[in-house]
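Asker: 3D, please:
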Amino acid sequence: MPEQKFKPVRKAVFPVAGLGTRFLPATKVMPKEMLPINDRPLIQHVFEEARDAGIEEFIFVTGRYKNMLEEHFDFQPELEHTLELRGKVNMLTKVRDSEIPAGKLFLTRQPKPLGLGHAVWCASKIVGNEPFAIILPDDIVNYKQGCLSQMINAYNQHGGNIVAVKDVPRKETSKYGILDICEDKGDTVSIKGLVEKPDPEDAPSTLSIIGRYILQPEIFEYLSIFEKGAGNEIQLTDAMAKMLDKQDFHGLRFKGDHFDCGSRLGFIAANIAYGLNDPEIGEGVKGILKQY
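Answerer: Numbering: from 1, shown residues only. Alright, predicted model coming up:
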């Protein structure tokens with residue numbers, strides 16, 4: 001077996017401390033990450049993406065009232081016993097597939113909502129001195145090969161730091177972290193600059209970062225300064241920008257349909273898309289769409 005060129009990406013950080021205010025009152029008690037896309041909650045979609053990409057350790061950066069996230073991935077003996085007795089093998093398989101093995105789930109708290117950069121910093125002691133992935137559960141990508149798997153393939157080729165990117169309308173650049181491109185190679189672009197939420201007239205491109213990152217551990221040195229940026233928050237993009245002249249950064253134009261499930265419209269669109277692709281209910285979903 002050939003020697004691996006770069007340190008493997010074994011750990012993934014899931015920032016899940018947000019309040020989910022756009023979905024109130026649904027998220028008054030239930031974490032936003034537990035809202036279902038078809039038959040699985042958001043958090044399970046991104047967990048499965050990470051697991052399928054070879055991630056071995058899963059780090060949840062949580063906040064208050066997020067216990068349900070941990071419970072969802074725990075062993076549920078009563079439920080499994082009931083399903084077994086009733087012969088519901090298919091359901092039993094689905095339940096067991098949602099469990100994270102012992103010793104693979106790690107929890108840390110973000111006590112105050114100080115920004116994505118701060119949430120990632122909260123996981124620094126668990127990540128340690130190795131490259132790691134960051135997955136934002138609001139963003140899901142529907143494709144036969146998961147977005148993170150595509151990114152790890154790019155990382156194994158280029159090393160350094162990788163972000164998932166897609167083109168957005170110029171008028172919407174103020175909603176995203178935007179790339180300043182050095183060289184466009186088609187599927188990948190090399191990056192010379194990053195700007196957090198620029199006004200359309202100031203945006204260096206229309207390539208935006210979506211919620212997938214592979215970063216080197218040196219990012220924590222910059223995050224630990226706790227410097228505030230856009231929105232008076234500690235921005236991950238700002239810390240990444242300071243690493244650009246020291247490490248390689250690439251953007252990957254991933255394959256697949258991206259849904260921003262942090263918005264109500266994106267959430268509904270994702271449910272329609274995943275429902276249409278579900279062999280059990282796809283035809284029924286088509287019928288409902290025609291009806292309305």
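
Asker: bridged to the residue found closest to I55 once you drop the neighbours it is linked to in the chain, which residues?
Answerer: In space, not counting the residues next to it along the chain, I55 is nearest to A12; the distance is 4.5 Å by C-beta to C-beta, 6 or more residues apart in numbering. To be clear about C-beta, it is placed using only N, CA and C from the backbone, and glycine gets the same treatment. Legend: beta-bridge partners of A12 under DSSP bridges are F58, A133.

Asker: separation between A12 and Q150?
Answerer: Between A12 and Q150 the distance, using C-beta to C-beta, to the nearest Å, works out to 15 Å.

Asker: host element of I126?
Answerer: helix 124-127 (DSSP states H and E).

Asker: and that helix, what other elements does it pack with?
Answerer: In terms of contacts (3 or more C-beta pairs under 8 Å, 6 or more residues apart in numbering; DSSP states H and E), helix 124-127 is packed against strand 11-15, strand 57-62, strand 105-109, helix 219-223.

Asker: please identify the deepest-packed of the ones you listed.
Answerer: Most buried of the helices and strands packed on helix 124-127, by mean neighbour count (mean count of other C-beta atoms under 10 Å): strand 11-15, with a mean of 25.

Asker: mind checking how far that one is from the chain centre?
Answerer: Centroid displacement of strand 11-15 relative to its chain, using C-alpha atoms, centre = their mean, to the nearest Å, is 8 Å.

Asker: what's the next secondary structure element after that strand?
Answerer: Counting by DSSP H and E, the element after strand 11-15 in chain order, helix or strand, is strand 36-37.

Asker: list the buried residues for stretch 78-97?
Answerer: Neighbour counts using 16 or more other C-beta atoms under 10 Å place L83, L92 of stretch 78-97 among the buried residues.

Asker: centre of the chain to it, how far?
Answerer: Centroid separation between stretch 78-97 and its chain, computed with C-alpha atoms, centre = their mean, is 28 Å.

Asker: quick one: residues in contact with that stretch.
Answerer: Residues outside stretch 78-97 that contact it (C-beta atoms under 8 Å, 6 or more residues apart in numbering): D39, Q76.

Asker: contacts only, for the residue nearest to I55.
Answerer: Taking C-beta under 8 Å, 6+ apart, we find A12 in contact with A50, I55, E57, F58, I59, F132, A133, I134, I135, L148.

Asker: and of the helices and strands packed on helix 124-127, who's closest to K144?
Answerer: Nearest to K144 among the helices and strands packed on helix 124-127 is strand 11-15; the distance by C-beta to C-beta comes to 20.2 Å.

Asker: average pLDDT across the closest one?
Answerer: Per-residue confidence for strand 11-15 averages out to 96 on the pLDDT scale.

Asker: could you tell me the angle between it and strand 105-109?
Answerer: Strand 11-15 and strand 105-109 meet at an angle of 40 degrees, taking axes from the mean of the first three to the mean of the last three C-alpha atoms, to 10 degrees as the criterion.

Asker: and for K192, nearest residue in space, chain neighbours not counted?
Answerer: Once flanking residues are discounted, K192 sits nearest to C182: 4.0 Å by C-beta to C-beta, 6+ apart.

Asker: D248 versus the one you found, what's the distance?
Answerer: C182 sits 10 Å away from D248, taking C-beta to C-beta as the criterion.

Asker: and for those two, which residues touch both?
Answerer: Between them, C182 and D248 share the neighbouring residues S190, with contact defined by C-beta under 8 Å, 6+ apart.

Asker: and the helix holding I126, how far from the chain's centre?
Answerer: Here helix 124-127 shows a centroid-to-chain-centroid distance of 18 Å under the convention C-alpha atoms, centre = their mean.

Asker: now it: buried residues?
Answerer: S124, V127.

Asker: name the surrounding residues that touch it.
Answerer: Residues external to helix 124-127 that are found in contact with it (C-beta under 8 Å, 6+ apart): K11, V13, E57, I59, F106, T108, P217, F220, L223, S224.
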